[in-house]
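> Show me the folded form of this:
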Amino acid sequence: MAVTAPREPKQDRSRATRQRLLESTIECLAASGWSATTVAVVAEHAGVSRGAAQHHFPTREDLITAALDHMFDTRMSWAREEAESVPDDANRTEWVVLRLVDWFSGPLFKAALHVWTAAAADETLKQRIVPLEAKFGREAHRTAVAALGVDDADPVTHRLVQATLDLARGLGLADVLTDDAQRRHQIATQWAATLDTALRPR
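Alright, predicted model coming up:
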């Protein structure tokens with residue numbers, strides 16, 4: 001008598017489908033941009049039907065904002081785990097700065113950049129994206145402060161951390177059109193030395 005393999009519970013299948021759609025959205029955005037990232041394109045990339053995709057996300061805006069939110073939460077979770085292995089020595093500041101720069105040079109940043117550009121010309125989309133951007137900014141700042149091990153209540157320290165995040169974002173933007181890895185690394189390490197002196201005066 002043949003043994004039938006147990007079927008995956010419907011709730012688990014639904015969760016897995018949603019996960020594939022969110023991940024595929026980020027990949028499509030990073031590779032092809034806003035205009036090309038339709039629900040149909042994402043569904044095909046994820047290997048699910050368009051109907052299944054629209055069951056989870058009725059509109060493209062629903063899909064894309066959910067994908068950005070989910071992927072950022074996932075990345076911040078990874079960052080908090082990484083923070084547990086921050087070197088507590090002279091290399092700490094450089095280690096943190098280089099990882100911040102990496103965050104803003106990866107596919108999530110490139111995907112978000114496409115959406116922010118589209119939102120600048122679309123008021124409805126903008127209303128969805130601005131709160132997400134504010135959330136991203138707050139979480140990134142808190143994560144950087146924790147990794148650096150500094151007191152953010154000090155206004156100078158607060159501005160220095162924010163300047164580091166702004167620098168990382170700018171370097172990520174410069175990397176969108178061309179591979180700027182070598183220059184990016186040089187600037188990041190120089191800023192790390194400057195930041196370390198300012199945060200931990202000898």
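> Please count neighbours and contacts with C-alpha atoms only from this point.
Noted.
> quick one: contacts for the closest residue in space to Ala120 that isn't next to it in sequence?
Leaving aside its sequence neighbours, Ala120 sits nearest to Lys126 (C-alpha to C-alpha, 6 or more residues apart in numbering; 6.4 Å). Listed by C-alpha atoms under 8 Å, 6 or more residues apart in numbering, the contact partners of Lys126 are 116, 119-120.
> how about JSON lines for these, with pLDDT added?
As requested, those are exported to JSON lines (pLDDT from 0 to 100):
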{"residue": "Trp116", "pLDDT": "90"}
{"residue": "Ala119", "pLDDT": "91"}
{"residue": "Ala120", "pLDDT": "91"}
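> from those, which single one is nearest Pro58?
Taking C-alpha to C-alpha as the measure, Pro58 sits nearest to Ala119 out of these, at 18.8 Å.
> Quick check: what element follows the lowest-mean-pLDDT helix or strand in the chain along the chain?
Counting by mean pLDDT, DSSP states H and E, the chain has its least confident helix or strand at helix 60-83, which shows a mean of 84. Going down the chain from helix 60-83, the next helix or strand is helix 92-103, by DSSP states H and E.
> so that next one versus helix 60-83, what angle?
If you take axes from the mean of the first three to the mean of the last three C-alpha atoms, to 10 degrees, helix 92-103 sits at 160 degrees to helix 60-83.
> Helix 92-103 - contacts with which helices or strands?
Here helix 92-103 touches helix 123-148, helix 155-174, helix 181-199, going by 3 or more C-alpha pairs under 8 Å, 6 or more residues apart in numbering; DSSP states H and E.
> The least confident helix or strand of the chain: which residues count as buried?
60-61, 63-69, 71-72, 76, 79, 83 (16 or more other C-alpha atoms under 10 Å).
> Grab the two from these that are most spread out in space.
Greatest spacing in the buried residues of helix 60-83, by C-alpha to C-alpha: Arg60 and Ala83 (34.2 Å).
> one step back: closest to His141 out of the buried residues of helix 60-83?
Met76 (10.8 Å).
> Could I get the contacting residues of the closest one?
Contact analysis of Met76 by C-alpha under 8 Å, 6+ apart lists 139-140, 143.
> and if you look at Gln162?
By C-alpha under 8 Å, 6+ apart, Gln162 lies in contact with His141.
> Kindly report the same for the one 3 residues further on.
Residues in contact with Leu165, defined by C-alpha under 8 Å, 6+ apart, are 100-101, 140-141.
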